[in-house]
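S.K.: next come a sequence and a model predicted from it.
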Amino acid sequence: MSGIAVQDNGSIQRQGYKSRSGSRLVSRHRKMAGNYAVAYLFLLPGIAVFFITIIFPILKSLQISFYDWKVLPGIPSPFLGFGNYTRAFHDPIFWRSLVNSGFYMLVTVPPQIILGLLAAMLLNNKIKGRSVFRVLFYLPVVTSWVVVTLLFTYMFSSDGGLFNWVLKDVLHLVQHDVQWFASRWPAMLAICALGVWKGVGWSMIIFLAALQTVNPELNECAALDGAGSFQRFRAVTLPAIRRTTTFISIMLVIGGFNVFISVYLMTGGGPSGATEVLLTYMYRQAFSFLDFGYGSAIAFILTGIILALSGVQWKFFRTDDK
Amino acid sequence: MIVANAKYVKAQKFGRYIALCTGAVIMVLPFAYMLSTSFKKQTYLFEIPPRFIPKDPTVSNYVNAWKNSNFSRYFLNSLFVASISTLITVLFAAMAAYAFAKMVFPGKRILFIVLLTGLVVPTIVMIIPQFIIAKHLHLINSFAGLIFFYIGGNFALNTFLLRGFMEEIPGELDDAMKVDGANSWFRFIRLYIPLSKPALATVTLFSFLGSWDEFTWAVTIINSDDKKTLPMAIALFHGQHATSWGLVFAASMIAFIPVLIVFLLAQKHFVQGLSLGAIKG
């Protein structure tokens, strides 16, 4: 709607320029211009900071990724073209990081959607202690990544940690203590466990809000027609929350590829680079090796992957609509 | 038939509670473990079986963290940085949201799309050029460097949420004030700010917690001890004293308790805010 309004006023403004003889139009034009100035003044402070801290860096990042960027002033930075990008293509650690990021995304996104939706459906009823449950499920979401990562590191300690005690002494699933952080896949699983635990509450809250907009009469009608609870879920609930599911799915995939702090603090990418993900690798290239060009190229590849996946999901859920 | 149905409903209700309680225990157990560990002496850290009620509990971890390890200082640093950046970002975002919601100007659509781009592209992807810019502006190792970039980082989401709310405010009041000759700034302060209070509470909470919990940018630009914020101080402390879990978790509790209090007092606003953003998005 706003776009049309803008165009309307844009044409009024152009008319004003053309027929300066029409005094009514000129005064109207002046008044409009005055209003524009007020609007821009309201926007200016925030937009200025936003452009310096977010938009300019996005563009700058693209530029840096084409250079062998020198950090020290006065030293010329050689232009590499797509050199940094082809380097990533031939870099085995880059590929391993990409696989690890993808693994984290694939393992953490479905449980967050399924468990989040399940919890939301359980809470979408008149039930005692509803708000208490809601708070408890959401608590990990508001806690800082640093705190929960250290907490899980402690609980996954190989010697006397809570998880090993549960697995070995309570459930008898394993005979010996698991060395969680000594090899790639156990370490990745520990990182994924943290990701799911921290994220379920977020999707639950958003699903809950969407479920409350579902018309209860539809459900009752379906029940009268003899639909079972699973059929009702498929025929009534799922279509009603399709938009929300798209939103959650896109946000979780973005979040999954952006896994950083948990890996950085839990394993540091180790042992010997086995659990490196794209962002820890990017961060190490930039701030340990001062290779800003290569780091920026990795960041841009990641951005490209995120945009592509968001687009695919958007399309997938949309065409499903018809 | 009716009896069987009632039984079925009862069983269903029971099952629902079992599932919810299992989930709740899984969510809370790690926090309980953290709390209990923060009161444990070093010798009891890796006891088998683990105890949730510590044997001869001690507050020495808290005393140590607060006094000897300088966490009182980091607490004040975090409080200062998070408060100032929240105040400024909410004001800037409210002003921009007002313009987006109620004013007409050329470039509105494009500007809004640019704003949404800022929501999709994650901040850490831009950390390299942000670091270079901060260096040029002499903002490395300063609170100003943290605050300036936290404002930019929170601006897009806040503006987006507030715009959605302000659009719903009916225009009649605005028109009445206009007829009385009130200018835009006056209407913004006297009409839109008071009417947007619930949404403002939400974005204030989100911004504060976001800045309070922020780690990556802080650890990238801060390098002197007296300017550390809580999350980076906790992480670095753990790096130096890997096995002093009692101390690490006492420090973590110092960072976590304010979050818990704010969250419990204002959970209504959290839920409102999330649904506001999600459903409209």
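M.R.: Received, thanks.
S.K.: on the three-state scheme, the closest residue to chain B within the stretch 101-250 of chain A is what?
M.R.: Per CB to the nearest CB, the residue of the stretch 101-250 of chain A with the smallest distance to chain B is A:Gly160, at 3.0 Å. Backbone N, C-alpha and C define where each C-beta goes, glycine included. Assigned by DSSP: H, G, I helix; E, B strand; the rest coil, the conformation of A:Gly160 is coil.
S.K.: ok, now which ones touch it?
M.R.: Going by CB atoms under 8 Å, 6 or more residues apart in numbering or on different chains, A:Gly160 touches B:45-48, B:50.
S.K.: likewise A:Gly161?
M.R.: A:154-155, A:177, A:180, B:46.
S.K.: let's see 6 Å
M.R.: By CB atoms under 6 Å, 6 or more residues apart in numbering or on different chains, the contact list for A:Gly161 reads A:Met155.
S.K.: do the same with B:Pro129
M.R.: By CB under 6 Å, 6+ apart, the neighbours of B:Pro129 are A:57, A:60-61.
S.K.: can I assume A:Ser101 is in contact with A:Val277?
M.R.: Yes - look at A:Ser101 against A:Val277 with CB atoms under 6 Å: they come within range, at 4.5 Å.
S.K.: so for the two, which residue has more residues nearby?
M.R.: Each of A:Ser101 and A:Val277 has its neighbours counted (other CB atoms under 10 Å in any protein chain shown); A:Val277 has more, 31 against 24.
S.K.: low pLDDT regions in the stretch 151-281 of chain B?
M.R.: Applying pLDDT under 70 to the stretch 151-281 of chain B flags the ranges B:270-281.
S.K.: residue in it nearest to chain A?
M.R.: B:Gly152 (2.8 Å).
S.K.: can you tell me the closest non-neighbouring residue to that residue?
M.R.: Nearest residue to B:Gly152, sequence neighbours excluded (CB to CB, 6 or more residues apart in numbering or on different chains): A:Thr53, at 2.8 Å.
S.K.: my read is the one you found is in a helix, agree?
M.R.: Yes - A:Thr53 forms part of a helix when assessed by three-state DSSP.
S.K.: okay, now it: neighbour count?
M.R.: Count around A:Thr53 with other CB under 10 Å applied: 23.
S.K.: what's the answer for the one 4 residues further on, then?
M.R.: Using other CB under 10 Å, A:Pro57 is surrounded by 26 other residues.
S.K.: so how far is chain B from it?
M.R.: Separation of A:Pro57 from chain B (CB to the nearest CB, to the nearest Å): 4 Å.
S.K.: ok, that residue - contacts?
M.R.: A:Pro57 sits next to B:126, B:129-130 when contact means CB under 6 Å, 6+ apart.
S.K.: which element is it on?
M.R.: Secondary structure assigned from DSSP states H and E places A:Pro57 in helix A:56-64.
S.K.: what does B:Asn154 give?
M.R.: helix B:143-167.
S.K.: can you tell if stretch A:188-197 touches chain B?
M.R.: No - in terms of CB under 6 Å from any CB of the partner chain, no part of stretch A:188-197 sits within range of chain B; the closest distance is 7.2 Å.
S.K.: any idea of the mean pLDDT in that stretch?
M.R.: The pLDDT scores in stretch A:188-197 average 96.
S.K.: also stretch A:125-143?
M.R.: Stretch A:125-143 comes out at a mean pLDDT of 86.
S.K.: so which bits of that stretch are buried?
M.R.: A:133-143 (16 or more other CB atoms under 10 Å in any protein chain shown).
S.K.: name the SS class of A:Lys70, please.
M.R.: With three-state DSSP as the basis, A:Lys70 sits in coil.
S.K.: so how many other residues sit close to it?
M.R.: Other residues within reach of A:Lys70, judged by other CB under 10 Å, total 14.
S.K.: nearest spatial neighbour of it, chain-adjacent residues omitted?
M.R.: A:Ser77 (4.7 Å).
S.K.: check contacts around A:Leu118.
M.R.: With CB under 6 Å, 6+ apart, A:Leu118 has no contacts at all.
S.K.: domain ranges for chain A?
M.R.: What the record gives for chain A is the domain set A:2-64, A:86-320, from automatic domain parsing.
S.K.: looking at the ones you listed, which is buried most?
M.R.: domain A:86-320 (a mean of 18; mean count of other CB atoms under 10 Å in any protein chain shown).
S.K.: residue closest to the middle of the chain?
M.R.: By default, I'm working from chain A. A:Gly255 (2.8 Å; CA atoms, centre = their mean).
S.K.: chain B, not that one
M.R.: B:Leu209 (2.0 Å).
S.K.: so which residues of the stretch 1-150 of chain A form helices?
M.R.: In the stretch 1-150 of chain A, the segments counted as helices under DSSP state H, counting those that start in this stretch are A:2-18, A:23-50, A:56-64, A:83-89, A:92-123, A:130-142, A:145-155.
S.K.: pLDDT at B:Gly116, what is it?
M.R.: Residue B:116: Leu, not Gly. 85.
S.K.: how near is it to B:Leu20?
M.R.: Per CB to CB, to the nearest Å, B:Leu116 is found 36 Å from B:Leu20.
S.K.: which one's more surrounded, these two?
M.R.: Neighbours were counted for B:Leu116 and for B:Leu20 using other CB under 10 Å; B:Leu20 has more, 21 against 13.
S.K.: so the more buried one makes contact with A:Arg130?
M.R.: No - applying CB under 6 Å, one finds B:Leu20 not in contact with A:Arg130, separated by 9.1 Å.
S.K.: now find how far off-centre stretch B:205-221 is within its chain.
M.R.: The chain centroid and the centroid of stretch B:205-221 are separated by 8 Å under CA atoms, centre = their mean, to the nearest Å.
S.K.: dump that stretch to PDB, restricted to CA.
M.R.: The C-alpha coordinates for stretch B:205-221 follow below in PDB (Å, rounded to 0.1, in the frame of the first residue of the first chain):
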ATOM      1  CA  LEU B 205      13.800  -5.800  26.600                       C
ATOM      2  CA  PHE B 206      15.100  -7.400  23.500                       C
ATOM      3  CA  SER B 207      17.700  -4.800  22.900                       C
ATOM      4  CA  PHE B 208      18.900  -4.800  26.500                       C
ATOM      5  CA  LEU B 209      19.200  -8.600  26.700                       C
ATOM      6  CA  GLY B 210      20.900  -8.600  23.200                       C
ATOM      7  CA  SER B 211      23.600  -6.200  24.400                       C
ATOM      8  CA  TRP B 212      23.900  -7.800  27.800                       C
ATOM      9  CA  ASP B 213      24.600 -11.200  26.300                       C
ATOM     10  CA  GLU B 214      26.700 -10.100  23.300                       C
ATOM     11  CA  PHE B 215      30.000 -11.800  23.100                       C
ATOM     12  CA  THR B 216      31.600 -11.900  19.600                       C
ATOM     13  CA  TRP B 217      32.000  -8.200  19.000                       C
ATOM     14  CA  ALA B 218      33.100  -7.500  22.500                       C
ATOM     15  CA  VAL B 219      35.800 -10.200  22.400                       C
ATOM     16  CA  THR B 220      37.000  -8.800  19.000                       C
ATOM     17  CA  ILE B 221      37.400  -5.100  19.900                       C
END
